[in-house]
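# With the sequence up front, the predicted model follows.
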Amino acid sequence: MQKILIYLLILSSSVAFAALFAVLFLNGTDMQCVRQTDQTYTCTLQTLLFDTIPTFKREVDQIVDVTTVSDGCSDGCSYRTELIRADGSYTPLTEIYTDASPVERQTTELRGLFRSGKPSFDYHKSPLWWVAYLIGGLFLMEVFILTLVMGGNVFKNYLANRDRAL
């Protein structure tokens, strides 16, 4: 019985770990921007959990352009798109760093929108859906390995003891 409790405790911690990663990495972003009289943009950014549930909302003003920023490449390079404000400061579109290719595409698309001179525009950034496959695959692998390591005789012994008790 004690081994089953340990097994269930490990599985529940794995579920919590997977949920934490999902909350951190499976967020989309909606962005609505309006051109101001000083030729900068003010944008409202809405974070969407699982690309549907509104969570955090913030407003960034005085945006003049966008750029791609790296994380410093201390353990491999990761990138994200950051908004450039009129005072020269940078504000990240999202907090997540990822591979160069999707970030460059995103930066190029946003740069075109900011430089177009439109009075307003909307932009949507989808979540990194590959993270969901990674989380699910790792969880299934852990369940399988954990069951092989702990499960063989544990469930057999539990069922035998339960049948004896009846």
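Looks like it came in fine.
# Break the protein into its domains for me.
Following automatic domain parsing, one finds the domains of the chain at 2-20+131-165, 28-127.
# Check these for me: which has the lowest mean pLDDT.
Taking the mean pLDDT of each of the domains of the chain, the lowest value is held by domain 2-20+131-165, a mean of 81.
# Tell me what G28 is bridged to.
On the basis of DSSP bridges, G28 is bridged to L48.
# Run me through the strand neighbours of the top strand by length along the chain, direction for each.
For the chain, the strand that runs over the most residues, judged by DSSP state E, is strand 53-70. For strand 53-70, sheet partners with direction are given as strand 41-49 (antiparallel), strand 79-85 (antiparallel), following DSSP bridges.
# ok, now how distant is V149 from L49?
As defined by CB to CB, to the nearest Å, V149 lies at a distance of 34 Å from L49. For the C-beta atoms, the positions are set from N, CA and C on the backbone; glycine is no exception.
# and the residue nearest to the spatial centre of the chain, what does it touch?
Compute the mean C-alpha point of the chain, and by CA atoms, centre = their mean the closest residue is F25, 1.3 Å away. Listed by CB atoms under 8 Å, 6 or more residues apart in numbering, the contact partners of F25 are 96, 127-128, 131.
# let's see it at 6 Å
Taking CB atoms under 6 Å, 6 or more residues apart in numbering, we find F25 in contact with 128, 131.
# Quick check: buried residues in stretch 113-133?
Of the residues in stretch 113-133, those buried by neighbour count under the rule 16 or more other CB atoms under 10 Å are 113-114, 121, 123, 125, 127-128, 131-132.
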